[in-house]
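Visitor: Here is my input, please return the structure:
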Amino acid sequence: MAEVDARRDEIISACLRIARELEAADLEGAAQLLKLAEVIGTREQADHGQLILALAQIDRVKASRGGLSAWVATHLDATDGRARAIAESARRIGAIPELAEPLASGRIGTDTARVLTRTAKAATGTGIDTVTAVTQALTTAETHGVTAARQQVRALEHTLHPDTGREMIPRQRARSFLRTAELENGMCRIEILLDAVRATTLRSAIDLQTADWLRQAQYDQAHPLPDDVRTTEQINVQALVHLAEIFHNAPAKLRQARFTPPMLYYSPRKKDPAGLSETVYGTVVPQDAVESPEVHLLELDDDGIPIALDGVRIDTNPHTRLATPPQRTALAYRDRHCSHPGCSRPTTYALHAHHKIPFSNGGPTTTRNLTLLCAEHHALTHQQHKHQKLSES
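Guide: Now for the predicted structure:
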């Protein structure tokens, strides 16, 4: 086998050397190159299928003392998760005679193998014939594609194990996340993992907006998108941002975000000779790049202290007890996070507007006399003031 593999590698290397010399207009050579890729891909899938068949026999005779997945992880340079998946495929479908030929032929890719494994797992112990369920899943995959087969096994799982189905969404919610990463060039990378229900809500909203723009362009000869938004991925991003713009401009009651007006899109410094603005997240952008400069414009004084929001003065009543929504917006821009030394909890943590000079001592409720503190450090600060008063008395 080693000699056969070495000879195959030599042939493939020779073909690739020839491929590097192909001209772009060589259609016959390009067709041969596509056939080469197909052969290599089919061989790779066959190797994976034969690995599953071999591991099934290894598991049957208990040849790996430390366990099948441990052997795969150690000898095949696989992560623990992938090793467990391969070992489970070997145990679930590797010993089914009806799958021996499809697995070894290269017709079954890794995605289809995983679907067949899930099907066998779902059918185990339910009274359903595992071989019948798996062969039906294989037929679906080969006829309608692996996506259709995956949907079929999901329906089977929900039907046979309704409790598992009901628990699926809470488990998915527990794994979901949204991460943001500020890049050095000023861009921001956002990564989202969602459960099926919330993903459907978000994706359908994006699809609806995208479809409307495309119809406008196709049937009305309209130009609803910027000139530099062309690809499907770019249109999806534009739709997601548009949904956020709708939220920002919606009435507070409709937004159901009660405490603070929407975070500012940007905060231009007055009389900036370079024409630059600063976003609420600290990124500098050209003022003319902001499409709606009139929305939530925060004006600063010469000391960089916010004084007006959308043309309305922020500090209107220094004698009131609680900070107003515009003041909270101004503080969110100015402080960015809890102002207690060493604390970086962001404004999304429902930070408290704390009076530097206590209100009970005549401290005004103004932007200059307010600072953001998280609940923990707000309580700590008041305790420190209380102890200080006791010690002074």
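
Visitor: Checking residue 178 next. Helix, strand or coil?
Guide: Secondary structure, DSSP: H, G, I helix; E, B strand; the rest coil: residue 178 is strand.

Visitor: quick check: longest helix of the protein.
Guide: helix 27-60 (DSSP state H).

Visitor: okay, now residue 128: neighbour count?
Guide: 15 (other C-beta atoms under 10 Å). For glycine as for every other residue, the C-beta is placed from the backbone atoms N, C-alpha and C.

Visitor: That one - that's part of a strand, no?
Guide: No. Using three-state DSSP, the assignment for residue 128 is coil, not a strand.

Visitor: Pull the contacting residues for the residue nearest to residue 103 when sequence neighbours are not counted.
Guide: Counting by C-beta to C-beta, 6 or more residues apart in numbering, residue 49 is the residue found nearest to residue 103 once chain neighbours are left out, at 3.2 Å. Contacts were defined as C-beta atoms under 8 Å, 6 or more residues apart in numbering; by that measure residue 49 touches 102, 103, 104, 105, 106, 108, 113.

Visitor: now swap in residue 344 and tell me
Guide: Residue 344 touches 337, 338, counting by C-beta under 8 Å, 6+ apart.

Visitor: which phi and psi does it have?
Guide: phi -120, psi 20 (degrees, to the nearest 10).

Visitor: Could you report the distance from it to residue 335?
Guide: In this view, residue 344 and residue 335 are 11 Å apart by C-beta to C-beta, to the nearest Å.

Visitor: Give the residues shared as contacts by these two.
Guide: If you check residue 344 and residue 335 against C-beta under 8 Å, 6+ apart, no residue is contacted by both.

Visitor: end-to-end on stretch 140-154?
Guide: For stretch 140-154, the separation between the terminal residues is 13 Å (C-alpha to C-alpha, to the nearest Å).

Visitor: got it, and stretch 52-68?
Guide: So stretch 52-68: terminal residues 11 Å apart, C-alpha to C-alpha.

Visitor: Now that stretch: buried residues?
Guide: For stretch 52-68, the neighbour count (16 or more other C-beta atoms under 10 Å) marks 52, 53, 55, 56, 58, 59, 64, 68 as buried.

Visitor: which stretches of the protein have low pLDDT?
Guide: 163-166, 258-275, 277, 280, 282, 290-296, 392-393 (pLDDT under 70).

Visitor: Residue 287 contacts residue 276, doesn't it?
Guide: Yes. With contact defined as C-beta atoms under 8 Å, residue 287 counts as touching residue 276 (6.5 Å).

Visitor: Would you map the strands across the stretch 1-150 of the chain?
Guide: With DSSP state E, counting those that start in this stretch as the criterion, the stretch 1-150 of the chain has no strands.

Visitor: Just the helices from it, written as ranges.
Guide: Applying DSSP state H, counting those that start in this stretch to the stretch 1-150 of the chain gives helices spanning 2-19, 27-60, 68-75, 80-93, 97-105, 110-123, 130-144, 146-160.

Visitor: which one of those lies closest to residue 241?
Guide: helix 146-160 (28.6 Å; C-beta to C-beta).

Visitor: could I have the helix or strand following that closest one exported to CSV, CA atoms only?
Guide: Counting by DSSP states H and E, the next helix or strand C-terminal to helix 146-160 is helix 162-175. What follows is helix 162-175, C-alpha atoms only, in CSV (Å, rounded to 0.1, in the frame of the first residue of the first chain):
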residue,chain,number,x,y,z
PRO,A,162,-39.1,14.9,21.6
ASP,A,163,-37.5,15.8,24.9
THR,A,164,-34.2,16.1,23.2
GLY,A,165,-35.8,18.4,20.6
ARG,A,166,-37.3,20.6,23.3
GLU,A,167,-33.9,20.8,25.1
MET,A,168,-32.0,21.6,21.9
ILE,A,169,-32.8,25.4,21.7
PRO,A,170,-31.9,26.0,25.4
ARG,A,171,-28.6,24.2,24.8
GLN,A,172,-28.0,26.2,21.7
ARG,A,173,-28.8,29.5,23.5
ALA,A,174,-26.2,28.5,26.2
ARG,A,175,-23.6,28.2,23.5
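
Visitor: Counting by contacts, list what helix 162-175 packs against.
Guide: helix 146-160, helix 196-219 (3 or more C-beta pairs under 8 Å, 6 or more residues apart in numbering; DSSP states H and E).

Visitor: Please tell me how far whichever helix or strand comes after the last one is from the chain's geometric centre.
Guide: When you say that, I think you mean helix 196-219. Scanning forward in sequence from helix 196-219 by DSSP H and E, the next helix or strand is helix 232-249. Remark: helix 232-249 is offset 16 Å from the chain centroid, using C-alpha atoms, centre = their mean, to the nearest Å.

Visitor: just checking, what packs against helix 232-249?
Guide: helix 196-219.

Visitor: Show me how far the helix it packs on is from its chain's centre.
Guide: That offset, for helix 196-219, works out to 18 Å (C-alpha atoms, centre = their mean).

Visitor: quick one: buried residues of that helix?
Guide: 206, 209, 210, 213.
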